[in-house]
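In: model this:
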Amino acid sequence: MKSTSLKMSSPVTLALSDDETTRVRRVAESVCHAADSRLDDPEMAAAARGGWEELPGGLRAAVRTFRRDSGEGGVMLVRGLPVDEALLPPTPTADGSVRREATVPAATLLMMAAGGLGDPAAYAPEKSGALVQDVVPVPGKEDFEGNAGSTLLSFHIENAFHVHRPDFVMLLCLRADHDGAAGLRTGSIRQALPTLSERTREILSRPEFSTQPPPSFGTADGATPPRPVLYGDPEDPDLRVDFSATTAMTLEARQALVELEAAINATAHTVWLTPGDLAIVDNRVTTHGRTAFRPRYDGCDRWLLRTFAVADLRRSRSHRPGDGYVLSH
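Out: I've put the predicted structure just below:
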């Protein structure tokens, strides 16, 4: 029988024991019965918060530690979660597909983890405001710059344009791609910052960058007013950039953005998720993207579930009608 192990690397990796996997499954099945199995019901979020407290102590402690300090890489990988690939339905192919009904992976492994990190959150213009969303290749969107595509996905902070972007992005693997080519790429400002010149850091801290909403937001409003890419503590700044959607307003800013992208690429890491792997990305300091892969649209293509989490739900209250979990704009 394997035992729990925590590997301090980039990403920080936690491997569950067989007994812990069994315990997680039991708690997950219990949570599934809450709120008549409606994933987006507030009662489900409440049940998931309660379920989180019943999960193995080692898992909860590791996630709490990551929430407080996500380390240089800003990524945590939990392996051995209860995902039975043989029992899955065919991988969805519809554009904008989401999960509405509770299952062990959707109701618990993501919703409970969101409760451990803070609270789940979603955005009404994106994926119909669902708290748990499918990340799958969609026929005809192979070159799409977003989660429906299968071409190289450039580095980005999730919803970098939004004043209340998520603090954490969670990606749970249900199926890997056929060829094992689709890798989750992550690049942290904490690892890239020491390679940047002082001048570049200064320029990136100026309000000279504007970011468009991602294509997944459809007809959302246009680009943001000029803002800095780096902000907060100069020695440990937060990062706000989407290299496919952030525009520099001056020549110096454009040059600084090019240097930043090169630094992120030079210090990046790639992991290949397998069923039962949960990647948690600290969206405040770490960009993520994906290597290219070739879907077959045969029902067995790559399938991830995605949920956002925020450490302080209160700060977005003005964007959340009825104090729910979905931001209206």
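In: where are the low-confidence patches of the stretch 1-150 of the chain?
Out: Of all residues in the stretch 1-150 of the chain, those with pLDDT under 70 make up the ranges 1-10, 35, 107.
In: Residue most distant from the centroid, this protein?
Out: Most distant residue from the mean C-alpha position of the chain: residue 251, 31.7 Å away (Cα atoms, centre = their mean).
In: which SS state does residue 78 fall under?
Out: strand (DSSP: H, G, I helix; E, B strand; the rest coil).
In: swap in residue 13?
Out: Reducing the assignment at residue 13 to three states with three-state DSSP gives strand.
In: Count residues in the vicinity of it, would you?
Out: Other residues near residue 13 come to 18 when the count uses other Cβ atoms under 10 Å. Backbone N, C-alpha and C define where each C-beta goes, glycine included.
In: partners of it in the sheet?
Out: When bridges are assigned using DSSP bridges, the partners listed for residue 13 are residue 7, residue 77.
In: what's the burial count for residue 180?
Out: With other Cβ under 10 Å as criterion, residue 180 counts 11.
In: what does residue 87 give?
Out: The burial metric for residue 87, expressed as a neighbour count using other Cβ under 10 Å, is 8.
In: quick one, what contacts it?
Out: With contact taken as Cβ atoms under 8 Å, 6 or more residues apart in numbering, residue 87 is in contact with no other residue.
In: ok, so what distance separates it from residue 174?
Out: The gap separating residue 87 from residue 174 is 10 Å, by Cβ to Cβ, to the nearest Å.
In: Off-centre distance for the helix or strand hosting residue 24?
Out: Residue 24 belongs to helix 18-32 when elements are defined using DSSP states H and E. Relative to the centre of its chain, helix 18-32 is centred 23 Å away, using Cα atoms, centre = their mean, to the nearest Å.
In: ok, now stretch 207-216?
Out: Centre-to-centre, stretch 207-216 and its host chain are 18 Å apart (Cα atoms, centre = their mean).
In: ok, residues contacting it?
Out: Stretch 207-216 is contacted by residues 96, 125-127, 144-148, 156, 159-162, 220-229, 240-242, 245-250, 252-253, 257 when judged by Cβ under 8 Å, 6+ apart.
In: name the helices or strands packed onto the helix or strand where residue 262 lies?
Out: Taking DSSP H and E as the definition, one finds residue 262 inside helix 251-266. Using 3 or more Cβ pairs under 8 Å, 6 or more residues apart in numbering; DSSP states H and E as the contact test, the elements touching helix 251-266 are strand 153-156, helix 189-192, helix 198-204, strand 246-248.
In: average pLDDT for that helix?
Out: Helix 251-266 shows an average pLDDT of 98 in the prediction.
In: re the thing from before, what residues of the helix holding residue 24 count as buried?
Out: Neighbour-count burial for helix 18-32 flags 20-21, 23-25, 27-29, 31-32 (criterion: 16 or more other Cβ atoms under 10 Å).
In: ditto for stretch 313-321
Out: Counting neighbours by 16+ other Cβ under 10 Å, one finds that the buried residues in stretch 313-321 are 313, 316, 319-320.
In: can you put those in JSON lines and add pLDDT, secondary structure and distance to residue 63?
Out: Listed next are those as JSON lines, based on pLDDT from 0 to 100; DSSP: H, G, I helix; E, B strand; the rest coil; distance: Cβ to Cβ, whole Å:
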{"residue": "313", "pLDDT": "94", "secondary structure": "helix", "distance to residue 63": "17"}
{"residue": "316", "pLDDT": "95", "secondary structure": "helix", "distance to residue 63": "21"}
{"residue": "319", "pLDDT": "93", "secondary structure": "helix", "distance to residue 63": "26"}
{"residue": "320", "pLDDT": "93", "secondary structure": "coil", "distance to residue 63": "24"}
